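Peer 1: Make a model of this:
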Amino acid sequence: MTVGCIPNKSSNETSLTQEIRGHVVKVVPRNISEFETLHIKSETQKYYEFTSQGYTGFTPSHIKEHQLFGQTLLVKYVNKNGNLIAIALED
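Peer 2: Numbering: from 1, shown residues only. Prediction:
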């Protein structure tokens, strides 16, 4: 499930980029272009809660379309101290 490595500039630690594909359960917008929280149910029926720290490639309204039409999303993320931070979303 690991697809790459992103160095953490504030320390010698390394954050592994991971990805999960699943269906949107809930999206809470932060503003017109970013989401505050994103709930995904994976293809293995596990639930994930993500946050973001900026634009991830999809607006909250586009994410909502995926939810309404039952389309899956690919979420690329890092785990920082137990918090799942989405860094990119793809169809």
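
Peer 1: L38 versus I63, what's the distance?
Peer 2: Distance of I63 to L38, computed by Cβ to Cβ, to the nearest Å: 7 Å. Every residue, glycine included, has its C-beta placed from N, CA and C.

Peer 1: no, scratch that, I was asking about V24
Peer 2: Taken as Cβ to Cβ, the span from V24 to L38 is 7 Å.

Peer 1: ok, I63 and L38, which is more surrounded?
Peer 2: L38 (27 against 20; other Cβ atoms under 10 Å).

Peer 1: Okay, and R21 sits in which element?
Peer 2: strand 14-29 (DSSP states H and E).

Peer 1: show me what contacts V24?
Peer 2: Contact partners of V24, counting by Cβ atoms under 8 Å, 6 or more residues apart in numbering, are L38, H39, I40, I63, K64, H66, Q67, L73.

Peer 1: Let me have those in JSON lines, extended by pLDDT, secondary structure and distance to A88.
Peer 2: Below are the contacts of V24 laid out as JSON lines (pLDDT from 0 to 100; DSSP: H, G, I helix; E, B strand; the rest coil; distance: Cβ to Cβ, whole Å):
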{"residue": "L38", "pLDDT": "98", "secondary structure": "strand", "distance to A88": "12"}
{"residue": "H39", "pLDDT": "98", "secondary structure": "strand", "distance to A88": "17"}
{"residue": "I40", "pLDDT": "98", "secondary structure": "strand", "distance to A88": "14"}
{"residue": "I63", "pLDDT": "98", "secondary structure": "helix", "distance to A88": "13"}
{"residue": "K64", "pLDDT": "97", "secondary structure": "helix", "distance to A88": "18"}
{"residue": "H66", "pLDDT": "98", "secondary structure": "helix", "distance to A88": "15"}
{"residue": "Q67", "pLDDT": "97", "secondary structure": "helix", "distance to A88": "18"}
{"residue": "L73", "pLDDT": "96", "secondary structure": "strand", "distance to A88": "10"}
